[in-house]
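J.: need a structure here:
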Amino acid sequence: MYNAAYLTQLEQKINGLIFSKKYQEAYSLCKDIISKFPEATNIYSLKKKIEQEVAAENKRVVEQKIDSTQTFFDQKKYADAIKTLREALTLIPDYPKAKKLYAKAQELYQKQVEEIEKSFIEKQSKRLNEILLTLPNQLMDELLELETENAGNKLIMDLTSTFKDKLIEQKIKDKKELINSNKYQDLGNFIEQLKKIDPKNPRITDLQKSIHLNQHESQLSKKDEYVYDGLKYLDTLLKLKKYDKGVQLINELIKVDPQNKKLQNLLTSTESKYFGQLKNSTTESIISHLPSLKAEYESDKNKFVRI
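T.: This next block holds a predicted model:
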């Protein structure tokens, strides 16, 4: 059993809270009483009344917030409109009018941000172009500052990447004389300077390939020239029958151009002539020494060993 007078007193307290619009406190009290006195039907009615009044109050607040956003829309303060409508949807998540306006505010805000970013990019692009033309040595500092202040902004990253490419392009044009030279150590230093601007820039890759190709062609040209001069000197040696010097010279040329078949053939023929020359020289030496050897043998046969 429950005390009717006590419950009447609680009902009066709940009604007072409802009148003061202290709905949360009144609702909590209803739930507490119902848990203790499930048979208290009047409290159920009060609980339902609170729910209805809260729903009505929420609707009133939501409508009020919706009305207040009109000013934000008129003034293009879409971020404020989004904030207000988000608060409204917190009260009634499925309120159609609030949802529709919230989507509209988001769309307009996105367009507004894009326009602001576009205008900012255009102004920065104009400013950076002027720096590139007048003070190119300061451009990298400006680009690094932009990247630091706008970390993660893709539009800014694309902008700085574009101007790094322009700076690299200009530096390459300014060093045209060096690029066309054979100062490969200076060219290597120049490449490293460009990589400090943007190590992944495709212009640098293309330039490196071009330099390496020129260097290779230069080395081939020097090799061909060296071999050509060597062959001219070899012709003189062969005419003088200095085959030993010829063999030495051909071996040196082969070290420079090991795939040269002409040199290989010349080496074979010159070695053959050299060996023939050695053979003839040895035979002539023996023949020239035969008389003295014969006299020595006649005078002292014990010095010689018969084979």
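J.: Would you map the helices across the stretch 101-250 of the chain?
T.: 139-149, 154-174, 176-179, 184-197, 202-239, 243-256 (DSSP state H, counting those that start in this stretch).
J.: will you turn these into TSV that also has mean pLDDT, distance to G276 and mean neighbour count?
T.: C-beta coordinates here come from the backbone N, C-alpha and C atoms, glycine included. TSV is the format used below for these (pLDDT from 0 to 100; distance: least, C-beta to C-beta, whole Å; neighbours: other C-beta atoms under 10 Å):
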stretch	mean pLDDT	distance to G276	mean neighbour count
helix 139-149	95	72	15
helix 154-174	95	60	16
helix 176-179	92	54	12
helix 184-197	94	46	14
helix 202-239	83	13	13
helix 243-256	84	8	17
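J.: Indicate which one of the ones you listed is closest to T69.
T.: For the helices of the stretch 101-250 of the chain, the distance to T69 is smallest for helix 154-174, at 29.0 Å, taking C-beta to C-beta.
J.: now the closest one against helix 139-149, angle please.
T.: Going by axes from the mean of the first three to the mean of the last three C-alpha atoms, to 10 degrees, helix 154-174 is angled at 170 degrees with respect to helix 139-149.
J.: picking that back up, now the helices of the stretch 101-250 of the chain in JSON lines, with distance to C30?
T.: Compiled in JSON lines, the helices of the stretch 101-250 of the chain are given as follows (distance: least, C-beta to C-beta, whole Å):
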{"stretch": "helix 139-149", "distance to C30": "56"}
{"stretch": "helix 154-174", "distance to C30": "54"}
{"stretch": "helix 176-179", "distance to C30": "87"}
{"stretch": "helix 184-197", "distance to C30": "72"}
{"stretch": "helix 202-239", "distance to C30": "73"}
{"stretch": "helix 243-256", "distance to C30": "104"}
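J.: for those helices, which one sits closest to Q75?
T.: Proximity to Q75 (C-beta to C-beta) singles out helix 154-174 among those, at 25.9 Å.
J.: could you give the angle of the closest one to helix 184-197?
T.: Computed by the same axes, to 10 degrees, the angle between helix 154-174 and helix 184-197 is 160 degrees.
J.: Does anything pack onto helix 154-174? Which helices or strands?
T.: helix 96-134, helix 139-149, helix 184-197, helix 202-239 (3 or more C-beta pairs under 8 Å, 6 or more residues apart in numbering; DSSP states H and E).
J.: Include distance to V62 when you put these into JSON lines, please.
T.: Below are these laid out as JSON lines (distance: least, C-beta to C-beta, whole Å):
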{"stretch": "helix 96-134", "distance to V62": "6"}
{"stretch": "helix 139-149", "distance to V62": "40"}
{"stretch": "helix 184-197", "distance to V62": "56"}
{"stretch": "helix 202-239", "distance to V62": "56"}
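J.: The helix or strand encompassing T268 - what's its average pLDDT?
T.: Using DSSP states H and E, T268 sits within helix 261-299. Averaged across helix 261-299, pLDDT comes to 71.
J.: Now for the residue nearest to Y109 when sequence neighbours are not counted: which residues touch it?
T.: Counting by C-beta to C-beta, 6 or more residues apart in numbering, Y109 lies nearest to Y78, which is 3.7 Å off, once chain neighbours are set aside. By C-beta atoms under 8 Å, 6 or more residues apart in numbering, the contact list for Y78 reads 72, 105-106, 108-109, 112.
J.: for P136, same thing?
T.: 167, 170.
J.: okay, it: pLDDT?
T.: 94.
J.: Tell me how far it lies from K173.
T.: For P136, the distance to K173 equals 11 Å [C-beta to C-beta, to the nearest Å].
J.: now E217
T.: Taking C-beta to C-beta as the measure, E217 falls 23 Å from K173.
J.: before we move on, what about E114?
T.: E114 is 35 Å from K173, by C-beta to C-beta.
J.: picking that back up, to I33, which of the helices and strands packed on helix 154-174 lies closest?
T.: Nearest to I33, of all the helices and strands packed on helix 154-174, is helix 96-134, at 34.3 Å by C-beta to C-beta.
J.: Quick check: buried residues in the closest one?
T.: Neighbour counts using 16 or more other C-beta atoms under 10 Å place 98, 101-102, 104-105, 109, 124, 128, 131-132 of helix 96-134 among the buried residues.
J.: quick one: that helix to chain centroid distance?
T.: Centre-to-centre, helix 96-134 and its host chain are 26 Å apart (C-alpha atoms, centre = their mean, to the nearest Å).
J.: Against which helices or strands is it packed?
T.: Where contact means 3+ C-beta pairs under 8 Å, 6+ apart, helix 96-134 is packed against helix 41-74, helix 78-91, helix 139-149, helix 154-174.
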